[in-house]
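> Here is a sequence with its predicted model. Questions after.
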Amino acid sequence: MDEQTRDAAKRRASESAVEAVSDGDVVGLGSGSTAEHAIRILGDRVEEGLDIVGVTTSFQAREIAIEKGIDLTTLDETDGHIDVTIDGADQFAGSDLIKGGGAAHAREKIVASATDSLQIVADPTKETDVLDTVVPVEVLPDARTTVANAIRELGGEPELRWAKRKSGPVVTDNGNLLFDADFGAIDDPETLATEIATIPSVVEHGIFPGYADAVHMGTEDGVTVFEY
Ligand SMILES: O=C(CO)[C@H](O)[C@H](O)COP(=O)(O)O
């Protein structure tokens, strides 16, 4: 699938997911190139009269939402409740997800766990039978060596994520560092999720076991919707 076809698939997925949003909803706004389509489409609907407020998952999502004129709120103001969230994923195997390719998974998980209905938008390159892409792990900077050792003890190979146009590591929106940890095929995402979460000073990791309520997978000529 070339980049243009893939981008069209991402947009089709987003058009489908936006149908889950109704007037009056508090809407979680995800991060990444696929979720960007969804935020832009929602912005167009708002201009046409759709009445929603958004809760953003990243600096990127906030910038796009402001540009598109979507009113924003916070989880504190909504009593920790979100009706629908539309977000992307790096991989999905049924309702199990790996997220964090954009280093936003900590806030994405807060928003997802506060959400009644998590709608995932993806293109076909994200679908897999068994999760096997790297797991992003956000850590407090002082703990990078101890967390790296603990990841190795769990059978993973951690690599500090390096910035592309800066001499140094990626620093998350929360001021932390990030490992991409290669665990190979992850047969039991729920157990690995718990094990990584219990490492001292891990802020959040990118395994979202059983989180998706629906995955909208844009294809070359349509959309396949998986509901869970
Ligand atoms: O989890 C994420 C950011 O932390 C993104 O949703 C995920 O990386 C997918 O991004 P894209 O739609 O650009 O492939």
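Yes, it's here. Residues are numbered from 1 along each chain as shown.

> Cross-check the contact I'm expecting between residue 176 and residue 202.
No: look at residue 176 against residue 202 with CB atoms under 8 Å: they stay out of range, at 9.8 Å. In this view, the C-beta of every residue, glycine as well, is placed from N, C-alpha and C.

> Overlap in contacts, the two.
Between them, residue 176 and residue 202 have 138-139 as joint contacts when contacts are counted by CB atoms under 8 Å, 6 or more residues apart in numbering.

> Neighbour count for those two, which is higher?
Using other CB atoms under 10 Å as the criterion, residue 176 and residue 202 rank with residue 176 on top: 22 against 19.

> Any figure for the gap between that one and the ligand?
Counting by CB to the nearest ligand atom, to the nearest Å, the separation of residue 176 from the ligand is 13 Å.

> so residue 138 bridges to which residues?
Counting by DSSP bridges, residue 138 forms beta bridges with residue 178, residue 204.

> okay, now it: neighbour count?
Using other CB under 10 Å as the criterion, residue 138 is surrounded by 26 other residues.

> Now that we're looking at it, what pLDDT does it have?
Predicted confidence (pLDDT) for residue 138: 98.

> same check, this time on residue 1
Here the pLDDT value assigned to residue 1 is 84.

> So residue 55 lies in a helix, does it not?
No: under DSSP: H, G, I helix; E, B strand; the rest coil, residue 55 sits outside any helix and is assigned strand.

> Please tell me how far the nearest residue to it once chain neighbours are set aside sits from the ligand.
Among residues not flanking residue 55 along the chain, residue 28 sits closest, at 5.2 Å (CB to CB, 6 or more residues apart in numbering). Distance of residue 28 to the ligand, computed by CB to the nearest ligand atom: 12 Å.

> Repeat that for residue 73.
Separation of residue 73 from the ligand (CB to the nearest ligand atom) stands at 21 Å.

> Same check on residue 117?
The separation that residue 117 has from the ligand, given CB to the nearest ligand atom, amounts to 17 Å.

> in the helix or strand hosting that residue, what's buried?
Using DSSP states H and E, the secondary-structure element containing residue 117 is strand 115-122. Neighbour-count burial for strand 115-122 flags 115, 117-122 (criterion: 16 or more other CB atoms under 10 Å).

> ditto for stretch 182-193
Of the residues in stretch 182-193, those buried by neighbour count under the rule 16+ other CB under 10 Å are 183, 186, 189, 192-193.

> coming back round to it: which element is the residue nearest to residue 55 on?
In this structure, residue 28 is located in strand 26-29 according to DSSP H and E.

> buried ones in the following helix or strand past that strand?
Downstream of strand 26-29, the first helix or strand assigned by DSSP H and E is helix 33-47. When neighbours are counted by 16+ other CB under 10 Å, the buried residues of helix 33-47 are found to be 34-43, 45-46.

> so which of those comes closest to the ligand?
The shortest gap between the ligand and any of the buried residues of helix 33-47 belongs to residue 34, at 3.3 Å (CB to the nearest ligand atom).
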